[in-house]
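# Pasting a predicted model and its sequence here:
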Amino acid sequence: MLIARVIGELVATQKHASHEGRKLLLVQPLNLDGTDRGDAVVALDAVDAGVGDKVLLVTEGYCAMTSVGRPNSPIDMAVIGFIDHIELVHGVA
Amino acid sequence: MYFGRVVGSVWATVKHPGMTGCRMLVVQPLTPELQNTGKQLICTDCTGAGAGELVYWVRGIEASFPFRPLQLPVDTTVVGIVDEVHVQRTAAAPAEPAAKQPAPVHRKSRKS
Amino acid sequence: MILARVVGTVVATRKDPRLEGKKLLILKPVSPDGKDESGYVVSVDTVGSGVGERVIAAAGSSARMAEGCKDAPVDNAIVGIVDEVHLD
């Protein structure tokens, strides 16, 4: 799982049927220091996240499909939780 | 999933037998701000997307799922055509919390 | 599987119900000789590890073979605590 921030949403009418009824979020994976980690990705929303939220992003198919309740679907990323806070321990991190 | 734009298509007469009639698109990955990023790639298509359209595509074994029950040897498939993009990067919340001094609670490991 | 160091924790109250009660730790990959490698990953703890410890983490679908992770949306799990690494 990665730490990420929701930076936007996509609207798509013509899409695979398994994506219907779920928000398509643009999420930017983050490094531990809060900087961007690579390019933003598209993830289905399993927890009703919105722009600005810091979230847990799964990047593996099974996790993503089952968290939005759509097994055997072409879904490889999903937002599955809200991060309340992150604790990095001084001298260890 | 990843965001991109269809910039072309590929025809191949000789291909895996199950892929007959399967459209293949050249896709340029984009940032949410519509800047090119990374290399172009070939994706199969399950949406009917055409050149110039914004799309999102999926990578890995999941890319073959739209073609079930066929098991096609494909690893990237366009699964949606994007109508609108809403980006709001400035909504970023405060920076990460500073690293804290170790507190006893974090020392709770099997050693204790 | 990778060798990694536990460097922190993630607190997430609202999450997929199948993750309830699971400890989420931040891992930084390390090389066998102990040097930090780039990146990080948020992993589910299945062995009672803690911050500062060196651990073994399984990634991908194998992570769901870990204790208590069956059918949970887990793509990375800590499956062991490293006592020693011997390099020849």
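Alright, I've got the coordinates.
# ok, and residue 3, which helix or strand is that part of?
Picking chain A for this. A:I3 belongs to strand A:2-11 when assigned by DSSP states H and E.
# actually it's chain C I care about, not the one you picked
strand C:2-11.
# Could you measure from the nearest residue to B:C22 once chain neighbours are set aside over to chain C?
Once flanking residues are discounted, B:C22 sits nearest to B:T44: 5.4 Å by CB to CB, 6 or more residues apart in numbering or on different chains. For glycine as for every other residue, the C-beta is placed from the backbone atoms N, C-alpha and C. According to CB to the nearest CB, to the nearest Å, B:T44 stands 23 Å off from chain C.
# my guess is B:T44 meets B:T76, correct?
Yes: assessed by CB atoms under 8 Å, B:T44 is found in contact with B:T76 at 7.2 Å.
# joint contacts of these two?
Common neighbours of B:T44 and B:T76, counting by CB atoms under 8 Å, 6 or more residues apart in numbering or on different chains, are B:A63.
# Name the residue of chain A that lies nearest to chain C.
A:G81 (2.9 Å; CB to the nearest CB).
# Surely that residue is in contact with C:R18?
No: in this structure, A:G81 is not within contact of C:R18 by CB under 8 Å, at 10.7 Å.
# Neighbour count: these two, which is higher?
A:G81 (25 against 17; other CB atoms under 10 Å in any protein chain shown).
# partner residues bridging the more buried one?
A:G81 has these beta-bridge partners by DSSP bridges: A:L56, C:K15.
# What residues does it make contact with?
A:V47, A:V55, A:L56, C:A12, C:R14, C:K15, C:D16, C:L19 are the contacts of A:G81 under CB under 8 Å, 6+ apart.
# The last one against A:I80, yeah?
Yes: counting by CB under 8 Å, A:I80 is a contact partner of C:L19 at 7.0 Å.
# Just want to know which of those two has more residues nearby.
A:I80 (30 against 21).
# how about the longest strand belonging to chain B, does it reach chain A?
In chain B, assigned by DSSP state E, the strand with the most residues is strand B:2-10. Yes: residues of strand B:2-10 are located near chain A by CB under 8 Å from any CB of the partner chain, namely B:Y2, B:F3.
# where exactly do the strands run in chain A?
A:2-11, A:24-29, A:41-45, A:54-58, A:78-82, A:85-88.
# Please apply the same query to chain C.
Using DSSP E, strands in chain C cover C:2-11, C:23-29, C:41-45, C:54-59, C:76-81.
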